[in-house]
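1. Here is a sequence with its predicted model. Questions after.
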2 protein chains.
Amino acid sequence: MSKKVFAVIGTGAIGGYYGARLHHGGNDVHFLFNSDYQHVIANGLNVNSHYGDYSISAPDLKAYHSTSDMPKADVVLVALKTTQNHLLESLLRPLLKTNTLVMLLQNGIGAEQEVAEQFHLPFVGGGLCFICSNKLGPGHIDHIDYGRITIGIYGDAGIAALEDFATDLTQSGVEVDVDQHIIDARWKKLLWNVPFNGLSTVLNADTAEMMSCEELVNLSKEIMIEVQQAARTTNTDITDTLIETMLLNTAKMKPYLTSMLLDRRNHRELEIQYMYKNAIDLAKAQGVAMPKTQALYEQLCFINNQIKSVK
Amino acid sequence: MSKKVFAVIGTGAIGGYYGARLHHGGNDVHFLFNSDYQHVIANGLNVNSHYGDYSISAPDLKAYHSTSDMPKADVVLVALKTTQNHLLESLLRPLLKTNTLVMLLQNGIGAEQEVAEQFHLPFVGGGLCFICSNKLGPGHIDHIDYGRITIGIYGDAGIAALEDFATDLTQSGVEVDVDQHIIDARWKKLLWNVPFNGLSTVLNADTAEMMSCEELVNLSKEIMIEVQQAARTTNTDITDTLIETMLLNTAKMKPYLTSMLLDRRNHRELEIQYMYKNAIDLAKAQGVAMPKTQALYEQLCFINNQIKSVK
């Protein structure tokens, strides 16, 4: 148990779960709630988990409706969807002090650098969560399986803080991998997310349906190769073997609905900026084109416009 | 009026219309019917048209249920969808004699060469129909508007026969353009069909919805540029101006549902072999890649598999 102050922005399926784990480990965790605020004040934060259910209620639950009311934090877990990152200017600023470690538990690529520049931070961390967790209702999280997290940092000055945070997580019972350069981990996750999230969303199909079509497997692989080539522009090495392994594993998986397809079906904005546009732009800046990824991105823009126009 | 024997394979919205026009012009036209055969024997072939309604009944109607019963023809109009071209071996062979002009009134590219090789013909013609015509029911065709046809030939030995056929059409009141090299005309039609048929089908959208999304207009244009580059491999010149004009016209058009999207909605097999695969293969044989067209084709394969698996 550390003496640090932890803040969680976005207390949903991800932020609520890891925040509760840290709290369970004896840490001082402060949670920001939006629409759930009144409900959790009355009913607490409740996590169902195969590790055992866990609830935090008043006065133990430090719940807030505005980050202006929260103490400045040593570690901030940002677990918003990236479509909400335009809110960070107002949400994050009040929590920052010298050497605050901001951890972006988000999909996609490029947000750490963006946040570092926006807030003039010497380093910003990122986390990739390999977890099956859903929000069932206000302040009510269902942790179904897994929970391992890969963390890394943008800005070498933050490596010590990152290692400290890894220890906090481990002591709270969370499995952690440290992949110091967060961009390596992000490209490896994009390797699967770029083809399968996008194509499943455009074609309204689960992974099993997709893998049953030879031409679509071919297209998925071609897009993976584009991601592999894009990753090389930031010195991230993705092996051909990793591509083949991911395809084989996807073919063996039970039918799976990607998060982006679920977003589409639930009329939620798609995370295309950080999962597609930033990757394409990073590669393009180094003279590497991603034509098939770009074509998929442009189709997703169309679907995203439809979703936004209905709201 | 010529003394030639005309045969129509596929007496639907296209074949029925042009066959009836030739018959109205005094020509000897023999029609092949499939499921409509019994109905037309009893009720005739009926064309509603803004040029005036026109019916052909027994004994004037020369209707057949098998090409084996038909006389050998001077001109055969093939108006099947390209998804039925595997039937040509049995349908077409009985009609052929020396110098029969086969005219493929079909979408896509590459079928003239294929039929010429398959049947050892010195030339095969093709036609692109700019017509708004629907089949309302058995032997009942509704010609709504337009009707101009662009015809050309594969195999220079057929130019005289093509010109003769153009005269037959003109004398029957059909507007005709002769674009001697059919492949030029086919690439120009693909220039619009490849982006708009495919993307509208994948995204289940009409042209107006598509043109309202900046990224999708960009993707459509990028695919058109791939078609332009592919066309150069067969010495067909498509100007940048034609691309810009087509995009402007599409933006001004009333909302339009492409034929491929209608096929998808009606669970009919998609014409992707001749509209996509053949174009990609023609370009590839000359070292020209069409990555975005290929990605779109692979998505269409997935949708086409879904359609076929339901049948």
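-> Looks like it came in fine. Worth saying up front: this structure is predicted, and the values here are computed from it rather than measured. Numbering: from 1, shown residues only, chains lettered A, B, ... in the order given.
2. okay, CA-based contacts and neighbour counts for the rest of this
-> Will do.
3. Which residues of chain A lie near chain B?
-> Contact residues (CA under 8 Å from any CA of the partner chain) of chain A with chain B: A:202-203, A:210, A:213, A:215-216, A:218-219, A:291-292, A:295, A:298-299, A:301-303, A:305.
4. rerun that using 10 Å as the cut-off
-> With CA under 10 Å from any CA of the partner chain as the criterion, chain A meets chain B at residues A:199, A:202-205, A:209-220, A:222-223, A:290-303, A:305-306.
5. Of these, grab the buried ones for ChimeraX.
-> Selection command for ChimeraX covering only the buried members of these, criterion 16 or more other CA atoms under 10 Å in any protein chain shown:
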select /A:199,202,203,204,205,209,210,211,213,215,216,217,219,220,222,223,290,291,292,293,294,295,296,297,298,299,300,301,302,303,306
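6. Inside helices: which ones of the residues of chain A next to chain B?
-> In this view, these that belong to helices under DSSP state H are A:199, A:202-203, A:209-211, A:214-220, A:222-223, A:291-303, A:305-306.
7. Strands of the stretch 151-300 of chain A, start to end?
-> Ranges of strands within the stretch 151-300 of chain A are A:176-181, based on DSSP state E, counting those that start in this stretch.
8. what stretches of it score poorly on pLDDT?
-> Within the stretch 151-300 of chain A, no stretch has pLDDT under 70.
9. so where do the helices sit in it?
-> Secondary structure of the stretch 151-300 of chain A by DSSP state H, counting those that start in this stretch: the helices cover A:159-171, A:182-203, A:207-211, A:214-232, A:240-252, A:259-265, A:272, A:278-285, A:291-310.
10. domains for chain A, by residue range?
-> According to automatic domain parsing, chain A comprises the domains A:5-174, A:184-310.
11. Centre of the chain to the first one, how far?
-> A distance of 11 Å separates the C-alpha centroid of domain A:5-174 from that of its chain, computed with CA atoms, centre = their mean, to the nearest Å.
12. Kindly report the same for the shortest one.
-> Domain A:184-310 has its average C-alpha position 15 Å from the chain's average C-alpha position, going by CA atoms, centre = their mean.
13. Any idea how far apart the tips of it sit?
-> Start and end residues of domain A:184-310 are separated by 37 Å (CA to CA, to the nearest Å).
14. now swap in stretch A:76-90 and tell me
-> Termini of stretch A:76-90 sit 14 Å apart (CA to CA).
15. buried residues in that stretch?
-> The neighbour-count check on stretch A:76-90 (16+ other CA under 10 Å) flags A:Val76, A:Leu77, A:Val78, A:Ala79, A:Leu80, A:Thr82, A:Leu88 as buried.
16. Make sure the second one is actually in contact with A:Leu88.
-> No. Taking CA atoms under 10 Å as the definition, A:Leu77 is not a contact partner of A:Leu88, at 11.9 Å.
17. any shared contact partners between these two?
-> Each of A:Ile9 lies in contact with both A:Leu77 and A:Leu88 under the rule CA atoms under 10 Å, 6 or more residues apart in numbering or on different chains.
18. what's near enough to touch the residue most central in space within chain A?
-> With distances taken as CA atoms, centre = their mean, the residue of chain A nearest its centroid is A:Gln106 (2.0 Å). Neighbouring residues of A:Gln106 by CA under 10 Å, 6+ apart: A:14, A:77-82, A:112, A:126-129, A:186, A:271, A:274-275.
19. try it again with 7 Å
-> Contact partners of A:Gln106, counting by CA atoms under 7 Å, 6 or more residues apart in numbering or on different chains, are A:Ala79, A:Lys81, A:Thr82, A:Gly127, A:Leu128.
20. Closest to chain B out of those?
-> Nearest to chain B among the contacts of A:Gln106 is A:Thr82, at 20.3 Å by CA to the nearest CA.
21. Tell me the pLDDT of the closest one.
-> pLDDT, A:Thr82: 96.
22. quick one on the thing from earlier: and the furthest pair within the buried residues of stretch A:76-90?
-> Farthest pair in those (CA to CA) is A:Val76 and A:Thr82. Separation: 15.6 Å.
23. measure A:Glu215 to B:Thr207 for me?
-> A:Glu215 is 26 Å from B:Thr207, by CA to CA.
24. can you count the residues close to A:Asp168?
-> The number of residues packed near A:Asp168 is 20, by other CA atoms under 10 Å in any protein chain shown.
25. my bad, should have said A:Asp60
-> Counted with other CA under 10 Å, residues neighbouring A:Asp60 total 12.
26. again with A:Gly110
-> When neighbours are counted by other CA under 10 Å, A:Gly110 registers 20.
27. Return the residues in contact with it.
-> Contacts for A:Gly110 were tallied using CA under 7 Å, 6+ apart; they are A:Tyr274, A:Asn278.
28. repeat for A:Tyr64
-> Shown in contact with A:Tyr64 (CA under 7 Å, 6+ apart): A:Phe31, A:Leu32, A:Phe33, A:Met70.
29. and the gap between it and A:Tyr146?
-> From A:Tyr64 across to A:Tyr146, the span is 28 Å (CA to CA).
30. The residue nearest to A:Leu95 when sequence neighbours are not counted: how many residues sit nearby?
-> Spatial nearest neighbour of A:Leu95, excluding adjacent residues (CA to CA, 6 or more residues apart in numbering or on different chains): A:Lys72 at 4.3 Å. Applying other CA under 10 Å, we find 20 other residues in the vicinity of A:Lys72.
31. and if you look at A:Asp145?
-> 13.
32. Can you mark which positions in the helix or strand it falls within are buried?
-> Element membership for A:Asp145, per DSSP states H and E: strand A:140-154. If you call a residue buried by 16+ other CA under 10 Å, then strand A:140-154 has these buried ones: A:His140, A:Ile141, A:Asp142, A:His143, A:Gly147, A:Ile149, A:Thr150, A:Ile151, A:Gly152, A:Ile153, A:Tyr154.
33. out of the residues you listed, who's nearest chain B?
-> Proximity of the buried residues of strand A:140-154 to chain B (CA to the nearest CA) peaks at A:Tyr154, which lies at 30.8 Å.
34. The closest one contacts A:Glu112, doesn't it?
-> Yes. Under the criterion of CA atoms under 7 Å, A:Tyr154 makes contact with A:Glu112 at 6.2 Å.
35. any residues in contact with both of those two?
-> A:Val124, A:Gly125.
36. got the contact list for A:Asp184?
-> Contacts of A:Asp184 (CA under 7 Å, 6+ apart): A:Thr236.
37. Pairing partners for A:Val124 in the sheet, please.
-> Note on A:Val124: beta-bridge partners by DSSP bridges are A:Tyr154.
38. Could you check the pLDDT of it?
-> 98.
39. where's it relative to chain B, distance?
-> 31 Å (CA to the nearest CA, to the nearest Å).
40. any idea how far that residue lies from A:Leu105?
-> Using CA to CA, A:Val124 is found at 11 Å from A:Leu105.
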